[in-house]
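Colleague: Fold the following and give me the result.
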Amino acid sequence: MATSMGFNTFDAFEDANDAKAGNQADKVHVRVQQRNGRKCITTVAGLADDLDIKRICKAFKKNFSCNGALQKDEETGGDVIQLSGDQRTNVMEFLVEQEICHKEEVVLHGF
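Modeller: Residues are numbered from 1 along each chain as shown. I've put the predicted structure just below:
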């Protein structure tokens with residue numbers, strides 16, 4: 001039983017430590033957090049300060065047919081958008097289509 005079973009170890013945060021990703025401060029991070037059971041929350045952090053984040057949250061809620069809220073991040077002091085459900089791909093497509101940020105600036109985290 002001392003031998004290794006050969007399990008594949010998967011690091012979900014491996015892409016967050018990439019040196020080639022550049023400065024992480026100018027990235028928009030889209031994460032999904034598991035709540036209980038099948039429920040999950042999508043968080044969008046790192047949007048520019050000069051954007052109207054409340055208006056973007058309202059557009060997310062209307063286009064994705066989900067609930068959402070603005071929260072203050074204690075660590076960075078910036079605003080974080082919380083959306084109900086797994087909206088990662090929808091958020092990325094919306095941000096690129098509306099030219100809020102480039103595809104290279106959006107980092108998807110989670111499962």
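
Colleague: pretty sure Lys61 contacts Ala69?
Modeller: No - checked against Cβ atoms under 8 Å, the pair Lys61 and Ala69 is beyond contact range at 9.3 Å. C-betas here are computed from N, CA, C, even on glycine.

Colleague: More neighbours: which of the two?
Modeller: Per other Cβ atoms under 10 Å, whichever of Lys61 and Ala69 has more neighbours is Lys61, with 16 against 12.

Colleague: Tell me the confidence at Ala45?
Modeller: On pLDDT, Ala45 comes in at 94.

Colleague: Tell me what it is bridged to.
Modeller: His29, Val80 (DSSP bridges).

Colleague: ok, now which ones touch it?
Modeller: Listed by Cβ atoms under 8 Å, 6 or more residues apart in numbering, the contact partners of Ala45 are 28-29, 31, 73, 76, 78, 80-81.

Colleague: which of those lies closest to Gln98?
Modeller: Within these, proximity to Gln98 (Cβ to Cβ) peaks at Val28, which comes in at 12.5 Å.

Colleague: The strand or helix carrying Val96 packs against which elements?
Modeller: For Val96, the element it lies in under DSSP states H and E is helix 88-97. Packing partners of helix 88-97 (3 or more Cβ pairs under 8 Å, 6 or more residues apart in numbering; DSSP states H and E): strand 28-34, strand 40-45, helix 53-64, strand 106-108.
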